[in-house]
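**Student:** Fold the following.
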Amino acid sequence: MGVTHFSSILSVFPVYKKTTSVDVTLTPQEAADACILEITPGASKSIIFPAPIEGKVIFVSNLAPATHAITIKVGASGTGVQIAATKSAILRCTGTDFVRVTTDA
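**Tutor:** Just a heads-up that it's a prediction; the model follows:
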C-alpha cells in the first residue's frame, strides 16, 4: 500500500531524463514542467533554463559514471550550479539563476 501511495505522489512530478554530449536548452514548457532532472552527460555540459522561474525547486541527479559534471543555469549568461558526477542536489531559482539548497549527495 505504501509503495502504491508513494508512486501516485511521484507521478505528479515530471521527470526529465536526458543523455547528452552537448549543452541542452530546455523549451519553456520543459522548464516549467521539470521537477526532477536525471542527466547523463557524455562530457561536462550545461542544462539551460530559457528564463528564470522564481521559486522553482528542482531535484537534479547527475548519472555520469565518470568525471563529467553538469551545470544547471538560467540563460546563456547564468553562472548556475555545478553538480559532480554520480551526485544529486536540490536547487532553487532565485529569479535570476539557480542556487544550491543542499550539498551534493
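**Student:** Check which residues of stretch 88-105 are buried.
**Tutor:** Ser88, Ala89, Leu91, Arg92, Cys93, Asp97, Phe98, Arg100, Asp104 (16 or more other C-beta atoms under 10 Å). For glycine as for every other residue, the C-beta is placed from the backbone atoms N, C-alpha and C.
**Student:** Beta-bridge partners for the second one, please?
**Tutor:** When assigned by DSSP bridges, Ala89 has beta-bridge partners Val60.
**Student:** can you pull the contacts of it?
**Tutor:** Ala89 is in contact with Phe59, Val60, Val81, Ile83, Arg100, Val101, Thr102, Thr103, Asp104, Ala105, counting by C-beta atoms under 8 Å, 6 or more residues apart in numbering.
**Student:** Then the first one?
**Tutor:** Contact criterion C-beta under 8 Å, 6+ apart gives Phe59, Val60, Ser61, Asn62, Asp104, Ala105 as the residues in contact with Ser88.
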